[in-house]
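**Q** just need the structure, nothing else, for what follows:
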Amino acid sequence: MPDPLSFSDALQKFWGYSEFRPGQEAIVRSIAAGHDTCVVMPTGGGKSLCYQLPAAMDSSRTAIVISPLIALMQDQVAQLTQMGIPAALLNSTQRWAGRQKTMVDAARGSFRLVYLSPEMAVQESSLAWLKQVPISFFAIDEAHCISEWGHEFRPEYRQLSRLRSLFPDTPVSAFTASATQHVRHDIVEQLHLRDAFCHVASFRRTNLRYRVRLCDSESQETLLLDAVRAASTGSVIVYVPTIARVAETVAFLGQNAIPSIGYHGKMDPAGRRSNQEKWMLDEPRVIVATVAFGLGINKSSVRAVIHLALPKSVEQFYQEAGRAGRDGLPSDCYLFWQKGDAAIHNFFINQIVDPGEQSRARLRYNEIRSFVESDSCRHHLICTHFGERSSLSRCSSCDNCLGLWRPAISPKISVERKSRERNRLSRSTRYTLQLLQAGKSFEEIAQTRGFSVRTITEHASRLVEAGKCAYRHEWIPRQHFHQIEHACHKLGFERLKPLKDALPDEITYDEIRIAVAGLRASSW
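**A** Model prediction:
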């Protein structure tokens, strides 16, 4: 039975707020009235309050919140408990005795909210236990994970569709910060929501300033330093594409008198937790992380989010960039990308076994590539990507509208660089070019000219980097090229020996040399 406390009174009593944010009260009323609900609200919009408040007002029943992150669940349970709202969580890392006590207490109606992981929620033993709990409603957080079209699809989320058949009279609410129109429809269909109240907030974050720049590795470092130093107050998140880049970037910032701390998925849980807590306390204020960091991070004073590579999708960029400015103050979202980022995307996309998922991943990559290469308003591009009808054509807070989108590597610099290489080409190398253009293989040219294959490979490498000859996939086995490509993104292009040491013995220096030339050329 709902508590007689009014919504405004409960908001003031538990959260200390005098008024709701836009959209929150209508969502709270829908859930409290027992309706199915689908909510798409940007990061920082206050989604968690929308299900926590109606749960807190029900004095005899329990809301079951399904969330994918243990750290997020722990933080929310701690916050709710501190506020005087009985809450608990269940996950596989807890001791058996502790889990059993929580389950017994929940069956007695002792909690207003209980948090579960999706994996645990669909176990037969958990479903049998949930039948004994006086449930007010189910709240599915990060609901885009249920859709194959979502950027973080998780197969175990699909099984949550069973909740409707097993608990036909229990309302279900779905929450996400980033879902396209297609994904929203899929969420409603997969969870079998009935006559759902749907709230889709505007995807335009007016306090965020988007800055997208094409660069090379050298100019990217300069841009990174400038961006971090520009955020003179508050915190900074730097997203990097690989675990190796975390340590490299932390070291680089340290060399430039900028203390930072690292975070990635291969760290032990205690180390990740420790680094996250240090950053939350601004000790230091800069964190360098892979995509493993950020979901559920509740820090309002992030003044800048910096991406040092293309994200997997527009949704991922929007979600991660949206961790800036949750307090509503002006904040910057930088995306410093290189053309060579395509290689690492292709590598991971090619590892996807399922043809449908591979196709969707390639579509998402094409969308983010179109986004960064567009000269349209960034805010408008984001809104239309998510299906929001936006009359905005120009803003005053993105690189395109402010006339900033020139690339960090100007065409003039690239032309001059290639021109210098062209001018250094020897007559012998230019003759090799003629034979390559005639369709000759390295072996045929070496035999014709009386040179070693290694010499011809060196000629071809210079020609590719000078822009006189395009790299050809038939020069080395495709699998070898992908292995070299992957190693380059971990170790860099500068020296061949570290690459040779990291690669299988059957990959030769000649293959590494010509593949690196092709990758360097594509990154200009």
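
**Q** just checking, residue 88 is part of a strand?
**A** Yes: counting by DSSP: H, G, I helix; E, B strand; the rest coil, residue 88 is located in a strand.

**Q** quick one, what contacts it?
**A** For residue 88, the contacting residues are 77, 102, 105, 106, 111, 113, 114, 115, taking CB atoms under 8 Å, 6 or more residues apart in numbering as the criterion. For glycine as for every other residue, the C-beta is placed from the backbone atoms N, C-alpha and C.

**Q** what does the pLDDT read for it?
**A** We note a pLDDT of 96 for residue 88 in this prediction.

**Q** if we can go back for a sec, just the buried residues of the contacts of residue 88.
**A** 77, 102, 106, 111, 113, 114, 115 (16 or more other CB atoms under 10 Å).

**Q** from those, which land in helices?
**A** Residues from these lying in helices, with DSSP state H as the criterion: 77, 102, 106.

**Q** ok, the residues you listed vs residue 368, which is closest?
**A** Within those, proximity to residue 368 (CB to CB) peaks at residue 77, which comes in at 34.7 Å.

**Q** picking that back up, out of the contacts of residue 88, who's nearest residue 261?
**A** Minimum distance to residue 261 across the contacts of residue 88 is 25.2 Å, recorded for residue 77 (CB to CB).

**Q** and the closest one, what is it in contact with?
**A** Taking CB under 8 Å, 6+ apart as the contact definition, residue 77 lies against 87, 88, 89, 113, 115.

**Q** take those and lay them out in a markdown table including distance to residue 256.
**A** Formatted as a markdown table, the contacts of residue 77 follow (distance: CB to CB, whole Å):
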| residue | distance to residue 256 |
| --- | --- |
| 87 | 43 |
| 88 | 45 |
| 89 | 41 |
| 113 | 45 |
| 115 | 41 |
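
**Q** spatially, which two of those residues are the most separated?
**A** Spanning the widest gap among the contacts of residue 77 are 89 and 113, at 9.0 Å by CB to CB.

**Q** in the stretch 151-300 of the chain, which spans are helices?
**A** 155-158, 162-166, 181-190, 217-230, 243-255, 269-280 (DSSP state H, counting those that start in this stretch).

**Q** run the chain-centre distance for the first one.
**A** Averaged C-alpha coordinates place helix 155-158 at 19 Å from its chain's average position (CA atoms, centre = their mean, to the nearest Å).

**Q** now the closest residue in space to residue 48 that isn't next to it in sequence: how far from residue 460?
**A** Excluding its sequence neighbours, the residue lying closest to residue 48 (CB to CB, 6 or more residues apart in numbering) is residue 76, at 6.4 Å. When CB to CB, to the nearest Å is the yardstick, residue 76 and residue 460 sit 58 Å from each other.

**Q** so how far is residue 158 from the spatially most central residue of the chain?
**A** In the chain, the C-alpha nearest the mean C-alpha coordinate belongs to residue 316, at 3.9 Å (CA atoms, centre = their mean). Between residue 316 and residue 158 the computed distance is 20 Å (CB to CB).

**Q** check residue 182 too.
**A** Counting by CB to CB, the separation of residue 182 from residue 158 is 16 Å.

**Q** what of residue 502?
**A** Using CB to CB, residue 502 is found at 38 Å from residue 158.

**Q** who's sitting farthest from the centroid in the protein?
**A** Summary for the chain: using CA atoms, centre = their mean, the residue whose C-alpha lies farthest from the chain's mean C-alpha position is residue 450, with a distance of 52.5 Å.

**Q** list the residues that contact that one.
**A** Shown here is residue 450, which makes no contacts under the criterion CB under 8 Å, 6+ apart.

**Q** next one: residue 396
**A** Contact criterion CB under 8 Å, 6+ apart gives residue 402 as the residues in contact with residue 396.

**Q** may I have the phi/psi pair for it?
**A** phi -120, psi 30 (degrees, to the nearest 10).

**Q** and if you look at the one 4 residues further on?
**A** Per-residue torsions, residue 400: phi -70, psi -40 (degrees, to the nearest 10).

**Q** how many residues are close by it?
**A** Applying other CB atoms under 10 Å, we find 20 residues neighbouring residue 400.

**Q** got the buried residues for stretch 332-343?
**A** Under the neighbour-count rule (16+ other CB under 10 Å), stretch 332-343 has 332, 333, 334, 335, 336, 337, 338, 339, 340, 341, 342, 343 buried.

**Q** out of these, which are inside strands?
**A** For the buried residues of stretch 332-343, membership in strands holds for 332, 333, 334, 335, 336, 337, with DSSP state E as the criterion.

**Q** ok, the fourth one to residue 341 distance?
**A** In this structure, residue 335 lies at 10 Å from residue 341, with CB to CB as the measure.

**Q** and for the two, which residues touch both?
**A** By CB under 8 Å, 6+ apart, residue 335 and residue 341 have these common neighbours: residue 310.

**Q** residue 127: neighbour count?
**A** Counted by other CB under 10 Å, the residues lying close to residue 127 total 14.

**Q** mind checking how far it is from residue 475?
**A** Residue 127 sits 56 Å away from residue 475, going by CB to CB.

**Q** before we move on, the earlier item: tell me the one of the ones in helices among the buried ones among the contacts of residue 88 nearest residue 94?
**A** Distances from residue 94 to those, taken by CB to CB, are shortest for residue 102, at 7.9 Å.

**Q** who are the contact partners of that closest one?
**A** So, once contact is read as CB under 8 Å, 6+ apart, residue 102 ends up touching 88, 89, 90, 94, 114.

**Q** could you redo the last one with a cut-off of 7 Å?
**A** 88, 90 (CB atoms under 7 Å, 6 or more residues apart in numbering).

**Q** rewinding a little: in a markdown table: the buried residues of stretch 332-343, plus distance to residue 356 and pLDDT.
**A** Listed next are the buried residues of stretch 332-343 as a markdown table, based on distance: CB to CB, whole Å; pLDDT from 0 to 100:
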| residue | distance to residue 356 | pLDDT |
| --- | --- | --- |
| 332 | 37 | 96 |
| 333 | 31 | 97 |
| 334 | 33 | 97 |
| 335 | 28 | 98 |
| 336 | 32 | 97 |
| 337 | 27 | 95 |
| 338 | 29 | 92 |
| 339 | 28 | 86 |
| 340 | 28 | 85 |
| 341 | 24 | 88 |
| 342 | 22 | 85 |
| 343 | 23 | 82 |
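
**Q** any chance of the residues you listed in TSV, with distance to residue 170 too?
**A** Written out in TSV, the entries for these read as follows (distance: CB to CB, whole Å):
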residue	distance to residue 170
332	43
333	39
334	44
335	42
336	47
337	45
338	49
339	51
340	50
341	45
342	46
343	48
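
**Q** which of those lies closest to residue 290?
**A** residue 341 (14.5 Å).

**Q** residue contacts, the closest one?
**A** Contacts here follow CB under 7 Å, 6+ apart; on that basis residue 341 touches 309, 310.

**Q** distance check, it against residue 242.
**A** Here the criterion is CB to CB. By it, residue 341 lies 11 Å from residue 242.

**Q** and residue 443, by the same measure?
**A** Where residue 242 is concerned, residue 443 sits at a distance of 35 Å (CB to CB).

**Q** neighbour count winner among those two?
**A** Just comparing residue 443 and residue 242: by other CB under 10 Å the higher neighbour count belongs to residue 242, 15 against 10.

**Q** the more buried one against residue 488, yeah?
**A** No: under the criterion of CB atoms under 7 Å, residue 242 lies out of contact with residue 488, with a separation of 11.0 Å.

**Q** what ranges do the strands span in this protein?
**A** Using DSSP E, the strands assigned to the chain run over residues 37-40, 62-66, 87-90, 113-116, 135-140, 172-176, 197-200, 208-214, 235-239, 261-263, 286-289, 302-307, 331-337.

**Q** redo the ones you listed as JSON lines? Include distance to residue 374.
**A** Formatted as JSON lines, the strands of the chain follow (distance: least, CB to CB, whole Å):
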{"stretch": "strand 37-40", "distance to residue 374": "23"}
{"stretch": "strand 62-66", "distance to residue 374": "36"}
{"stretch": "strand 87-90", "distance to residue 374": "42"}
{"stretch": "strand 113-116", "distance to residue 374": "40"}
{"stretch": "strand 135-140", "distance to residue 374": "33"}
{"stretch": "strand 172-176", "distance to residue 374": "25"}
{"stretch": "strand 197-200", "distance to residue 374": "23"}
{"stretch": "strand 208-214", "distance to residue 374": "9"}
{"stretch": "strand 235-239", "distance to residue 374": "21"}
{"stretch": "strand 261-263", "distance to residue 374": "31"}
{"stretch": "strand 286-289", "distance to residue 374": "27"}
{"stretch": "strand 302-307", "distance to residue 374": "16"}
{"stretch": "strand 331-337", "distance to residue 374": "12"}
